[in-house]
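S.K.: 3D model of this:
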Amino acid sequence: MQFTLDGESFELTPTLVRGRLAGHVPEEIREYWVEVDGVRWPVKQVISLATGAKRSRFQSHDSRRWLQNLGFLMGAGSSATESGSVPRLTGASRRGSFDESQLKELEALDVRVAFSWLSAGPITLDEAGLPRFPGLPRVPGLYRYDFGVDDDGIRVLYIGESAELARRASNYRNAKTDRPRQRTSRRIHKEIVGHLETGGSIEFAIATSVRWGDDVELDLRLKSARRLAENAAVLLAQSQSGIRVLNIDAELGEDSE
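M.R.: Numbering: from 1, shown residues only. Below you'll find the model as predicted:
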């Protein structure tokens, strides 16, 4: 995740935040907190430690938004929410004038998605230090990076979708700038290179056939079809213990090409 503060550009990842907190202890929590590896920290302290920026340069609501985008558990007081900021009630909800049970049901929706991940092979680094991908088809589909199990015993994944898998791999390989259009590609490029440079391994998997409903084949040429399958796969992974997903919800589907 990249953001700009007073004209200075910063890039944060969950791994970087955890590393910058090492050796420090949480200060007193006055209102808002973020949980990192089971420990609750004041949100502004975390951003200050992670970026080196003085706290006077940013507001608490900025800190909450940035940490929310990184997927950390956040809350205020004794309440918590997985998605970040504390839920706010609308004016109607506060007054108690809206009763959903009184609404007439128009139709029910039951969507089931099924597909299998196929092993495409490992990702390695070439002589130039760039990711080298296994041979991939020039067809639409889903893809998954499996970074294996980290030092905390957590399996790390990244899941995406693309109109052409071979071209998408090329985008990740050559993501050398932080331009907005390449923001996600660049973030994952750095994760791949950093992981492989430190001796890790990455297995690449693809899915080119997805079925839904009563065993109907989804047309993966449609972005809406690919995003349905992608979001289902990400949500399933996020709901399983022992798995950390590098996807940021705000990025799902935004950089698939």
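S.K.: Spell out the residue ranges of the helices in the protein.
M.R.: For the chain, applying DSSP state H gives helices covering 14-21, 43-51, 60-69, 91-95, 165-173, 183-197, 223-238.
S.K.: The last one packs against which elements?
M.R.: Where contact means 3 or more Cβ pairs under 8 Å, 6 or more residues apart in numbering; DSSP states H and E, helix 223-238 is packed against strand 113-114, strand 141-149, strand 155-162, strand 243-245. Any C-beta I mention is one placed from the backbone N, CA and C, and that applies to glycine too.
S.K.: and the shortest one, average pLDDT?
M.R.: Mean per-residue pLDDT for strand 113-114: 93.
S.K.: other SSEs contacting that strand?
M.R.: strand 211-212, helix 223-238.
S.K.: please redo it, this time with the cut-off set to 6 Å
M.R.: In this structure, strand 113-114 makes packing contacts with no helix or strand, judged by 3 or more Cβ pairs under 6 Å, 6 or more residues apart in numbering; DSSP states H and E.
S.K.: The second one now?
M.R.: Under the contact criterion of 3+ Cβ pairs under 6 Å, 6+ apart, strand 141-149 touches strand 155-162, strand 202-207.
S.K.: Of those, which stretch is the most buried?
M.R.: Of those, the one with the most neighbours on average (mean count of other Cβ atoms under 10 Å) is strand 155-162, at a mean of 23.
S.K.: Okay, now the sheet partners of that strand, with direction.
M.R.: Using DSSP bridges, strand 155-162 pairs in its sheet with strand 141-149 (antiparallel), strand 243-245 (parallel).
S.K.: re earlier: and of the helices and strands packed on helix 223-238, who's closest to V210?
M.R.: V210 lies closest to strand 113-114 among these, at 6.4 Å (Cβ to Cβ).
S.K.: that older thread, would you turn the helices and strands packed on strand 141-149 into CSV with distance to D6 and mean pLDDT?
M.R.: Formatted as CSV, the helices and strands packed on strand 141-149 follow (distance: least, Cβ to Cβ, whole Å; pLDDT from 0 to 100):
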stretch, distance to D6, mean pLDDT
strand 155-162, 31, 94
strand 202-207, 36, 96
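S.K.: Reformat those as CSV; add distance to P42.
M.R.: Output for the helices and strands packed on strand 141-149, formatted as CSV (distance: least, Cβ to Cβ, whole Å):
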stretch, distance to P42
strand 155-162, 27
strand 202-207, 35
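S.K.: which stretch among those comes nearest L236?
M.R.: Proximity of the helices and strands packed on strand 141-149 to L236 was assessed by Cβ to Cβ; the nearest stretch is strand 155-162, lying at 9.5 Å.
S.K.: give me every residue that touches S48.
M.R.: S48 is in contact with R55, counting by Cβ atoms under 6 Å, 6 or more residues apart in numbering.
S.K.: Look up how far L106 lies from it.
M.R.: Taking Cβ to Cβ, to the nearest Å as the measure, S48 falls 50 Å from L106.
S.K.: same thing with S60?
M.R.: Counting by Cβ to Cβ - S60 and L106 are separated by 41 Å.
S.K.: And these two? Which one has more around it.
M.R.: S60 (15 against 5; other Cβ atoms under 10 Å).
S.K.: Now that we're looking at A92, what pLDDT does it have?
M.R.: Looking at A92, its pLDDT is 45.
S.K.: now do S83
M.R.: Here, the pLDDT recorded for S83 equals 44.
S.K.: And D255, by the same measure?
M.R.: We have a pLDDT of 48 for D255.
S.K.: And for M1?
M.R.: On the pLDDT scale, M1 gets 79.
S.K.: tally of neighbours for it?
M.R.: 20.
S.K.: That one touches T13, doesn't it?
M.R.: No: here M1 lies out of contact with T13, judged by Cβ atoms under 6 Å, at a distance of 7.2 Å.
S.K.: picking that back up, may I see the helices of the chain organised as CSV, with distance to I123 added?
M.R.: Formatted as CSV, the helices of the chain follow (distance: least, Cβ to Cβ, whole Å):
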stretch, distance to I123
helix 14-21, 18
helix 43-51, 27
helix 60-69, 25
helix 91-95, 47
helix 165-173, 9
helix 183-197, 6
helix 223-238, 19
